[in-house]
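1. test case, fold it:
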Amino acid sequence: MRCTALVLGLLVFIPNVQAQPTADSLEALFSSSRRSTPLAFGMSAVVPGLGQAYNRHWIKGAVAVAGEAAVLLLYTSWRRQGVDGRDAYQMDAHMYWSPIKYAYWLNDYAQYLNRLPDGRPVTAPPVNISQALLSIDLTQPDAWSDSERLAVRKLFQEIQLLERDSYHGDTGAVFSHVLPFFGEQQYYELVGKYFQFAPGWEDYVAIVRDGRVTWIDENGDFIQSIEPEATGPGGTKPNVSARFYQYAEDHADANTYLRRASRITTLLIVNHVLAAVDAAIFARLHNRRMQLSLGLVKDIQGRTLVAPQVRFHLNK
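-> Predicted coordinates:
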């Protein structure tokens, strides 16, 4: 009986030392302690770290924000380096690789193949390199007129036709590739990838006679560099010039940066997903955690009192 009186005395005493709250104020108190799982998920899904801040997990929020910033900085840096490198190697291709020089070589190479003792005849017509074509500035494609673009396209069509009828003199294998049209992505890749296209580079050894590039000397004999696929000691290609290798390296470096930038965007997605899931989980755990909150009770006289009460919030 004394214990019961003590508990009742406590219940009576509590209203006297603390203002009597209403049911609405208690509900507001309870609601403020709950956290919305969908809201926490959505906040971090949009901006990693916001959901963690909503859960009062400041350190995790800072880590999520820092991770997002680091990935964005790397993406921006690698993307910029890749694009700058791509612009640079495309300009080098315009300046130092000539489809006309390559066409001259292809014409001479067809004659070379036709003179091989065991070679099969190349019957495709030679590429027609007219004076009108020679007057086009191939280093400034953006300045071409419509007629000049048509002339360049016709040049490439004739080159492709002769390539399809040609073969490698040292192996007898047909050309594995034909020259893509000017400005295509494969155009910039192949001219620095396959030795077949090496003669188009400005430092590839040739003879200039009567205003044209040729690989046939004054005696009518073909010079050594007529064969770009010739293999030297240790598997080297002695006829291939330095410009070819430098371009290939610059092309590879630019593409490496662009690939890195593309792949790192996956980390952005992963960071958003992980941060969103983490925020949702801890918002829900918070709502499930046992909390000491205020509740309403009735005394023996039927009066509404406030007393400490242990509750579990199971709100989702």
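2. so where's this structure uncertain?
-> Of all residues in the chain, those with pLDDT under 70 make up the ranges 1-33, 290-316.
3. spatially central residue for it, please.
-> residue 262 (2.0 Å; Cα atoms, centre = their mean).
4. can you get me a residue count around residue 92?
-> Other residues within reach of residue 92, judged by other Cβ atoms under 10 Å, total 19. No exception for glycine: its C-beta is placed from N, CA and C like everyone else's.
5. the stretch 151-300 of the chain: helices as residue ranges?
-> Under the criterion DSSP state H, counting those that start in this stretch, the stretch 151-300 of the chain carries helices at the ranges 185-190, 242-288.
6. those helices into JSON lines, with extra columns for distance to residue 221?
-> Supplementary listing: those in JSON lines, determined by distance: least, Cβ to Cβ, whole Å:
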{"stretch": "helix 185-190", "distance to residue 221": "30"}
{"stretch": "helix 242-288", "distance to residue 221": "25"}
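7. between the ones you listed, which gets nearest to residue 60?
-> Each of the helices of the stretch 151-300 of the chain was scored for nearness to residue 60 using Cβ to Cβ, and the closest is helix 242-288 (6.9 Å).
8. tell me which strands and helices that closest one is in contact with?
-> The contact analysis (3 or more Cβ pairs under 8 Å, 6 or more residues apart in numbering; DSSP states H and E) places helix 242-288 against helix 37-46, helix 50-54, helix 58-96.
9. take those and lay them out in TSV including distance to residue 284.
-> What follows is those, written out as TSV (distance: least, Cβ to Cβ, whole Å):
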stretch	distance to residue 284
helix 37-46	5
helix 50-54	12
helix 58-96	16
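10. highest mean neighbour count out of those helices?
-> Mean neighbour counts were compared across these using mean count of other Cβ atoms under 10 Å; the top stretch is helix 50-54, at a mean of 23.
11. which elements pack onto it?
-> Packing partners of helix 50-54 (3+ Cβ pairs under 8 Å, 6+ apart): helix 37-46, helix 58-96, helix 242-288.
12. contacts for it?
-> The set of residues that contact helix 50-54 without belonging to it, under Cβ atoms under 8 Å, 6 or more residues apart in numbering, is 35, 39-45, 58, 60-61, 64, 275-276, 278-280, 282-283.
13. who are the contact partners of the nearest residue to residue 123 once chain neighbours are set aside?
-> Of all residues not flanking residue 123 in the chain, residue 165 sits nearest, at 6.3 Å (Cβ to Cβ, 6 or more residues apart in numbering). When the contact criterion is Cβ under 8 Å, 6+ apart, the partners of residue 165 are 110, 122, 123, 124.
14. and the two most separated of those residues?
-> Across these, the longest distance by Cβ to Cβ is 9.2 Å; it joins 110 and 123.
15. those two: who's more crowded?
-> More neighbours sit around residue 110 than around the other of residue 110 and residue 123, counting by other Cβ under 10 Å; the figures are 20 against 9.
16. now name the helix or strand holding that one.
-> Under the assignment given by DSSP states H and E, the secondary-structure element containing residue 110 is helix 99-115.
17. quick one: contacts of that helix?
-> The set of residues external to helix 99-115 that reach it, using Cβ under 8 Å, 6+ apart, is 119-122, 124, 126-127, 129, 133-134, 138, 152, 155-156, 158-159, 162-163, 165-167, 169, 179, 182, 197, 199-202, 204, 206, 212-216, 222, 226-227.
18. can you select the buried ones from these in ChimeraX?
-> Per 16 or more other Cβ atoms under 10 Å, the buried members of those correspond to this ChimeraX selection:
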select :122,127,129,133,138,152,155,156,158,159,162,163,165,166,167,169,179,182,197,199,200,201,204,206,213,214,215,216,222,226,227
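19. sweet, I'm off.
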